[in-house]
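Enquirer: mind folding the following:
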Amino acid sequence: MMGKKETKTFADLIDEVHACTCCERMSESARVLSFAAGNLRAKIMFIGEAPGRLGADLTEIPFHGDAAGHNFEDLLAFAGIRREEIFITNAVLCNPKNTQGNNGTPNLKEITNCSGFLRRQIELIAPAIVVSLGSVALQSTTLIEKHSLTLREHVRTAHPWFERMLIPLYHPGQRAMVHRSLANQRSDYQFVGEHLRRLNRPQKSGGGTLKEDILAACHYLLARKGELSYFELHKLVYLAEYLHVRSTGRRLTNAFFIRQKEGPYCTDLHIARLKRADPQIKLVTKNRKLYMRLGPTGSLSIMPEEVQLQEGFRKTLDEVIERYTYENDSDLKKAVYLTAPMRLILRREKYEKINLYNTPIDFLTANSA
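Expert: Residues are numbered from 1 along each chain as shown. As a prediction, this is how the structure comes out:
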């Protein structure tokens, strides 16, 4: 719980907001700041544009009661973020009605008038993460500490800002869905949820011993292909597991795979583990993508004898290279999502309306179904 002094400070801020008369066209609108905004000890703060005419302007609860509020609450639930653990505010704390009495867009003067209130909320709540919802909210953050982020270029990315982390997202209103699909917005909120959960658990080094069989598969693919993106590597080892189970009924490796936003992810191929397990694997960044290749002395000699002799090991990896060499990531991602284990997960998400991100992938059960 926040102490009595901090609670009194927030109550005084509420009184100041309710007494504000800076913006003439908002004189008849509610001043939407109260203890209904959320947890005063929240580790994450969401900043919207302004209270909606049919939502917070009536309920005085941010993002509640209108379509944007319903979408926002659904997206939070999908990402496993509880409303009681967050704080929600807006760049402008009153509804800027247009001449027809409908929702209007705040102008720069109105955003500037409210920026002092926004700064004080951030300093009082002291969240580790700030999420801006829409271009107006992102613009409001530049008045507190300048940055060059844009919504289109930096959506779903995390950036140091004002001694914390800033994540730009699209607004959850219906109009924004035209520019940012529901599927993408779900992934956006999952990204935020992952960062929030990372705050709540001890930091790990990504250590541990890399299993010899998955390292051998990684090494073989790199030796055959010369270079692979980190994205391609995870998808190809997944497809190798899938093909091997289909043809032999057995797993190719003992690696652990989970479902993430971009498809299957092999936890054993964490970058830190790879670098520790084999210094000959070199990492290169090109066009903001991470690529991997073997160093000049790298060879297949690293493959343990028992792995080399395993029935079908090289054959399966050769088949993957022949079948799944595509010119772009989207085709490879499509091939992955057409496999039985991924189709099973997607069906469950659709019909059971549950979030299965980070769920373990069961190759044996899915391929026997």
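Enquirer: where exactly do the strands run in the stretch 251-369 of the chain?
Expert: 257-260, 263-266, 281-286, 289-294 (DSSP state E, counting those that start in this stretch).
Enquirer: Serialize the ones you listed to JSON lines and add fields for mean pLDDT.
Expert: Below are the strands of the stretch 251-369 of the chain laid out as JSON lines (pLDDT from 0 to 100):
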{"stretch": "strand 257-260", "mean pLDDT": "88"}
{"stretch": "strand 263-266", "mean pLDDT": "91"}
{"stretch": "strand 281-286", "mean pLDDT": "88"}
{"stretch": "strand 289-294", "mean pLDDT": "90"}
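Enquirer: helix/strand/coil for the residue nearest in space to the middle of the chain?
Expert: Among the residues of the chain, the one closest to the centroid is Phe191, at 1.2 Å (C-alpha atoms, centre = their mean). Per DSSP: H, G, I helix; E, B strand; the rest coil, the local secondary structure of Phe191 is helix.
Enquirer: in this protein, where is pLDDT below threshold?
Expert: 1-4, 201-210, 297-311, 366-369 (pLDDT under 70).
Enquirer: could you pull out the helices for the stretch 101-250 of the chain?
Expert: 108-125, 135-142, 151-154, 182-199, 212-225, 230-248 (DSSP state H, counting those that start in this stretch).
Enquirer: ugh, wrong one, the stretch 251-369 of the chain
Expert: Under DSSP H, counting those that start in this stretch, the stretch 251-369 of the chain gives helices at 271-277, 305-308, 313-323, 329-337, 340-352, 363-368.
Enquirer: need those in a markdown table with distance to Ile61, can you?
Expert: Glycine gets a C-beta too; all of them are placed from N, C-alpha and C. Below are the helices of the stretch 251-369 of the chain laid out as a markdown table (distance: least, C-beta to C-beta, whole Å):
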| stretch | distance to Ile61 |
| --- | --- |
| helix 271-277 | 42 |
| helix 305-308 | 58 |
| helix 313-323 | 52 |
| helix 329-337 | 38 |
| helix 340-352 | 29 |
| helix 363-368 | 43 |
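Enquirer: now those as CSV including distance to Pro62 and mean neighbour count?
Expert: Shown next, in CSV, are those (distance: least, C-beta to C-beta, whole Å; neighbours: other C-beta atoms under 10 Å):
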stretch, distance to Pro62, mean neighbour count
helix 271-277, 38, 17
helix 305-308, 56, 13
helix 313-323, 49, 17
helix 329-337, 36, 15
helix 340-352, 28, 14
helix 363-368, 42, 14
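Enquirer: relative to Leu54, which of these is closest?
Expert: helix 340-352 (29.7 Å; C-beta to C-beta).
Enquirer: contacts for that closest one?
Expert: Helix 340-352 has contacts (C-beta atoms under 8 Å, 6 or more residues apart in numbering) with 242, 259, 263-264, 336-337, 354-356, 359, 361-363, 366-367, 369.
Enquirer: give me that answer again for 10 Å
Expert: 78, 186, 238, 241-242, 245-246, 257, 259, 263-264, 333, 335-337, 354-357, 359, 361-369 (C-beta atoms under 10 Å, 6 or more residues apart in numbering).
Enquirer: that one versus helix 329-337: what angle between them?
Expert: In terms of direction (axes from the mean of the first three to the mean of the last three C-alpha atoms, to 10 degrees), helix 340-352 departs from helix 329-337 by 80 degrees.
Enquirer: Ala176 contacts Ala68, correct?
Expert: Yes. If you go by C-beta atoms under 10 Å, Ala176 and Ala68 touch, sitting 8.5 Å apart.
Enquirer: neighbour count for the two, which is higher?
Expert: Ala68 (25 against 19; other C-beta atoms under 10 Å).
Enquirer: which one of the helices of the stretch 251-369 of the chain lies nearest to Val17?
Expert: helix 340-352 (40.7 Å).
Enquirer: need the CA coordinates for that closest one. CSV is fine.
Expert: Taking C-alpha atoms only, helix 340-352 is exported to CSV below (Å, rounded to 0.1, in the frame of the first residue of the first chain):
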residue,chain,number,x,y,z
ALA,A,340,-0.1,-30.2,-36.5
PRO,A,341,1.3,-29.0,-33.2
MET,A,342,0.8,-25.3,-34.1
ARG,A,343,-2.7,-25.9,-35.6
LEU,A,344,-3.8,-27.6,-32.4
ILE,A,345,-2.6,-24.6,-30.3
LEU,A,346,-4.3,-22.1,-32.6
ARG,A,347,-7.6,-24.1,-32.5
ARG,A,348,-7.5,-24.1,-28.7
GLU,A,349,-6.9,-20.3,-28.7
LYS,A,350,-9.8,-19.7,-31.1
TYR,A,351,-12.4,-21.9,-29.6
GLU,A,352,-11.5,-21.9,-26.0
